[in-house]
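In: Below are the sequence and a predicted model; questions follow.
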There are 2 protein chains.
Amino acid sequence: SISQDIDHILETQSALSVDLGGTNLRVAIISMKGKIVEKYTQPNPKTFEARMQLIVKMCLDAMRDAITFNCRILGVGVSTGGRVNPQEGVVLHSTKLIQEWSSIDLRTPISGALHLPVWVDNDGNCAALAERKFGHGKGVENFVTIITGTGIGGGIIHNSELIHGSTFCAAELGHIMVSLDGPECSCGSRGCLEAYASGMALQREAKRLHDEDLLKVEGMDMKLSEPITAAHLINAARLGNSKADAILNRAYTALGVGVVNILHTMNPSLVILSGVLASYYQDPVQKIINERALFSAQSIKVVTSDLEEPALLGAASMVLDYTTRRQY
Amino acid sequence: SISQDIDHILETQSALSVDLGGTNLRVAIISMKGKIVEKYTQPNPKTFEARMQLIVKMCLDAMRDAITFNCRILGVGVSTGGRVNPQEGVVLHSTKLIQEWSSIDLRTPISGALHLPVWVDNDGNCAALAERKFGHGKGVENFVTIITGTGIGGGIIHNSELIHGSTFCAAELGHIMVSLDGPECSCGSRGCLEAYASGMALQREAKRLHDEDLLKVEGMDMKLSEPITAAHLINAARLGNSKADAILNRAYTALGVGVVNILHTMNPSLVILSGVLASYYQDPVQKIINERALFSAQSIKVVTSDLEEPALLGAASMVLDYTTRRQY
Ligand SMILES: [Ca+2]
Ligand SMILES: [Ca+2]
Ligand SMILES: [Zn+2]
Ligand SMILES: [Zn+2]
């Protein structure tokens, strides 16, 4: 029947997603319905050439696999840290979190190597697109998302569309400053949300405590050779380490104050937190809103994303929305 | 001729503007071309009843004068501190800068007493409307304005329209926080731009220095009975008072960091500063942008408004734009 045919097309139409973060380079095959069919992860190379080579190689491998999964790849969506001109498919500028990653045309070489159309946007913006299509942002006209990974990214949906800004620098919410001085940030400034509340910031503090022999507390299982991460800090705080607890509280307050700044600027109706730390941040951020936002903004809700991979899903949504626009 | 008739209509079509600030209550007759025909100023009464009575009385007096000026009043525009629902003409909530000023329907009583249509919006939003119609914002699709008076107000124009936000709390730029603690603000929070850089904040610091006998320096003309204001602080700094200078520098930095936060959220193409302190703030704010904004946002220009009275002119623009919409 015709309806079965359409179902079949919907099932097999898919996107390749690429996510370039401060730590990893990931590629995924993602179906029209937002299912992650397959996912590939490698450390993000430190040089431009190695990175471009690996992107193309991982995409070609994924395209080969896609055939066996019965997925028809319609195009490639790239989510990356840094400022992006999505009309041109160019990374304009990145912080030192991703090295050798400024004035980079991603569309031309990837499209040339894979013979597929390519869309590119900033990782936080991709996360917002994912929430709009598949997550808590469905049908919400004005919302903001903050994604905490190695760094902190943001995306703003206003009247159901992304805000990119006059120089593609809007929704750089990780670089909202909540201190006139404060810890140094990867962007060169100080006191940014990213410098207080990102995975990298918490890892930096965990290492500092560890170096001073102040991290490990009774009941904490920690091997000597283990690399120190944000998880150790959270674990130590939970087990009664008051210094770890104070650091986490400062991170919560910083993110909360940053969110209030967003409420006093854009006043969205919803704030969606995503990334591994989101569930830790949700309640403290809501508490800071109640304490420090203007009365009229205290009703704004903060939720934790239920999407497994917002940046990858959002990159896919650019492909799926554009290539299927005429059909539906 | 017909063209002379139209010129005559343009000249005489006017608005009554009301501006309710932390210090004064002002009313003006403003022509279609943005000329302030006449202006009336009184201290803003501390109680709701006295304030409403004075608004109506000042408007009635102005309407009487308008006849002698050959001005036909098309309606009343009200600019006020606090969150405003412009669809309803209601002040939702104010900080303690304007007492007894929450859940106040302004449209019904003013319209009833004057038999004229009434528009109401927040003072910062009105300032943005003024810049769009008469000032540096003419023809600029995305800009932000910050108006420094007793407090600090803000307005955001995106795609040539005001952003009001989901709970009419957008562009409350005076309550962007640039410190996790910092000085207490009229809103109940701490570390807001208003608590660092408003006229009220500088006056508070001037008084504090004066109480500690640290304000007056050689060459500074100051009478014993004179009330201490922000102007004394600026004057003292200029004459070499290093404590006054440090306080001003902190205010500059705070406003600069706040502006960078706005650039990293909305990324407008222009920032317009207005109010008596604007000319002092312009260069330091531009300097902080160069030092602390992301590379892609460093090209954003900061200018000082050339409008005499942005809030009053913006309140008038609501009247003039709405009532003449069908004619042009
Ligand atoms: Ca972003
Ligand atoms: Ca405002
Ligand atoms: Zn930063
Ligand atoms: Zn405040």
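Out: Alright, I've got the coordinates. Ligands and ions are numbered 1, 2, ... in the order given.
In: going forward, measure contacts and count neighbours with C-alpha atoms only.
Out: Fine.
In: if I look at the closest residue to A:Phe295 other than its chain neighbours, how far off is ligand 2?
Out: Spatial nearest neighbour of A:Phe295, excluding adjacent residues (Cα to Cα, 6 or more residues apart in numbering or on different chains): B:His93 at 7.3 Å. As defined by Cα to the ion, to the nearest Å, B:His93 lies at a distance of 13 Å from ligand 2.
In: for chain A, which spans come out with low pLDDT?
Out: Within chain A, the ranges that satisfy pLDDT under 70 run A:1-11, A:326-328.
In: switch the cut-off to 50
Out: Low-confidence regions of chain A, defined here as pLDDT under 50, cover residues A:327-328.
In: Could I get the contacting residues of the residue nearest to A:Phe295?
Out: With contact set as Cα atoms under 8 Å, 6 or more residues apart in numbering or on different chains, B:His93 has these partners: A:Phe295, A:Ser296, B:Gly82, B:Arg83, B:Val84, B:Trp101, B:Ser102, B:Ser103.
In: And the strands in chain A?
Out: Remark: strands of chain A, listed N- to C-terminal, are A:13-20, A:24-31, A:36-43, A:72-80, A:83-85, A:90-93, A:104-105, A:118-122, A:143-148, A:152-158, A:161-162, A:270-274, A:301-304; assignment by DSSP state E.
In: Any buried residues in the third one, and which?
Out: Within strand A:36-43, the residues that qualify as buried are A:Ile36, counting by 16 or more other Cα atoms under 10 Å in any protein chain shown.
In: What about the closest residue to A:Cys187 other than its chain neighbours, how many residues nearby?
Out: Using Cα to Cα, 6+ apart and skipping the chain neighbours, the partner closest in space to A:Cys187 is A:Thr95 (5.1 Å). Residue crowding around A:Thr95 was assessed by other Cα atoms under 10 Å in any protein chain shown; the count is 19.
In: A:Glu212 too?
Out: 9.
In: and it, what is it in contact with?
Out: Taking Cα under 8 Å, 6+ apart as the definition of contact, A:Glu212 has no neighbours.
In: and the gap between it and A:Ala206?
Out: Here A:Glu212 is placed at a distance of 10 Å from A:Ala206 (Cα to Cα, to the nearest Å).
In: Ok, A:Asp306 next?
Out: 27 Å.
In: before we move on, what about A:Pro284?
Out: Relative to A:Ala206, A:Pro284 is positioned 20 Å away (Cα to Cα).
In: so A:Ser274 makes contact with A:Ala311?
Out: No - because the distance of 9.7 Å does not satisfy Cα atoms under 8 Å, A:Ser274 is recorded as not touching A:Ala311.
In: For ligand 4, what's its nearest residue on the stretch 101-250 of chain A.
Out: A:Val178 (13.5 Å; Cα to the ion).
In: any residue of stretch A:186-202 up close to ligand 1?
Out: No - for stretch A:186-202, no contact with ligand 1 is found by Cα under 5 Å from the ion; the gap never falls below 12.8 Å.
In: For that stretch, output the C-alpha coordinates as PDB.
Out: Taking only C-alpha atoms (Å, rounded to 0.1, in the frame of the first residue of the first chain), the coordinates of stretch A:186-202 have been written out as PDB:
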ATOM      1  CA  SER A 186      39.500  28.900  27.300                       C
ATOM      2  CA  CYS A 187      38.300  32.100  25.500                       C
ATOM      3  CA  GLY A 188      40.900  34.300  27.000                       C
ATOM      4  CA  SER A 189      38.500  36.100  29.400                       C
ATOM      5  CA  ARG A 190      37.800  35.300  33.000                       C
ATOM      6  CA  GLY A 191      34.700  34.400  35.100                       C
ATOM      7  CA  CYS A 192      32.800  32.700  32.200                       C
ATOM      8  CA  LEU A 193      30.200  30.000  32.900                       C
ATOM      9  CA  GLU A 194      32.600  27.600  31.100                       C
ATOM     10  CA  ALA A 195      35.400  28.500  33.500                       C
ATOM     11  CA  TYR A 196      33.200  27.700  36.500                       C
ATOM     12  CA  ALA A 197      30.800  24.900  35.500                       C
ATOM     13  CA  SER A 198      32.100  22.900  32.500                       C
ATOM     14  CA  GLY A 199      33.400  19.400  32.700                       C
ATOM     15  CA  MET A 200      36.900  20.900  32.100                       C
ATOM     16  CA  ALA A 201      36.500  23.400  34.900                       C
ATOM     17  CA  LEU A 202      35.400  20.700  37.400                       C
END
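In: any residues touching that stretch, and which ones?
Out: Residues from elsewhere that reach stretch A:186-202, judged by Cα under 8 Å, 6+ apart: A:95-97, A:148-152, A:173-185, A:229-230, A:233, A:247-248, A:250-252, A:254-255, A:258, A:277, B:291-294.
In: same check, this time on stretch A:225-232
Out: Residues lying outside stretch A:225-232 but in contact with it, judged by Cα under 8 Å, 6+ apart, are A:Gly199, A:Met200, A:Leu202, A:Gln203, A:Ala206, A:Lys207, A:His210, A:Leu215.
In: out of those, who's nearest A:Ser242?
Out: A:Ser242 has its nearest neighbour among the contacts of stretch A:225-232 in A:Leu215, at 9.8 Å by Cα to Cα.
In: got the contact list for that closest one?
Out: Applying Cα under 8 Å, 6+ apart, the residues near A:Leu215 are A:Ala206, A:Leu209, A:His232, A:Leu233, A:Ala236, A:Asn241, A:Ala244.
In: out of those residues, who has the most neighbours?
Out: Neighbour counts for these were taken using other Cα under 10 Å; the highest belongs to A:Leu233, which has 27 neighbours.
In: how deep is A:Arg51 tucked in, by neighbour count?
Out: Counted with other Cα under 10 Å, the burial measure for A:Arg51 works out to 18 neighbours.
In: Name the nearest residue to it, ignoring sequence neighbours.
Out: Nearest non-adjacent residue to A:Arg51, counting by Cα to Cα, 6+ apart: A:Pro45, 5.1 Å away.
In: List phi and psi for that neighbour.
Out: Listed backbone geometry of A:Pro45 is phi -60, psi 160, with angles given as degrees, to the nearest 10.
In: hmm, back to that, select from the contacts of stretch A:186-202 every entry located in helices.
Out: When helices are assigned by DSSP state H, the members of the contacts of stretch A:186-202 inside them are A:Ala230, A:Leu233, A:Ile247, A:Leu248, A:Arg250, A:Ala251, A:Tyr252, A:Ala254, A:Leu255, A:Gly258, B:Glu291, B:Arg292.
In: out of those, what pair is the most spread apart?
Out: A:Leu233 and B:Glu291 (31.9 Å).
In: can you list the ones in helices among the contacts of stretch A:186-202 in CSV and add distance to B:Met220?
Out: Putting the ones in helices among the contacts of stretch A:186-202 into CSV (distance: Cα to Cα, whole Å) gives the following:
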residue, distance to B:Met220
A:Ala230, 55
A:Leu233, 55
A:Ile247, 47
A:Leu248, 49
A:Arg250, 43
A:Ala251, 45
A:Tyr252, 46
A:Ala254, 42
A:Leu255, 44
A:Gly258, 41
B:Glu291, 33
B:Arg292, 35
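In: Which among those count as buried?
Out: Among these, those that count as buried by neighbour count (16+ other Cα under 10 Å) are A:Ala230, A:Leu233, A:Ile247, A:Leu248, A:Ala251, A:Tyr252, A:Ala254, A:Leu255, A:Gly258, B:Glu291, B:Arg292.
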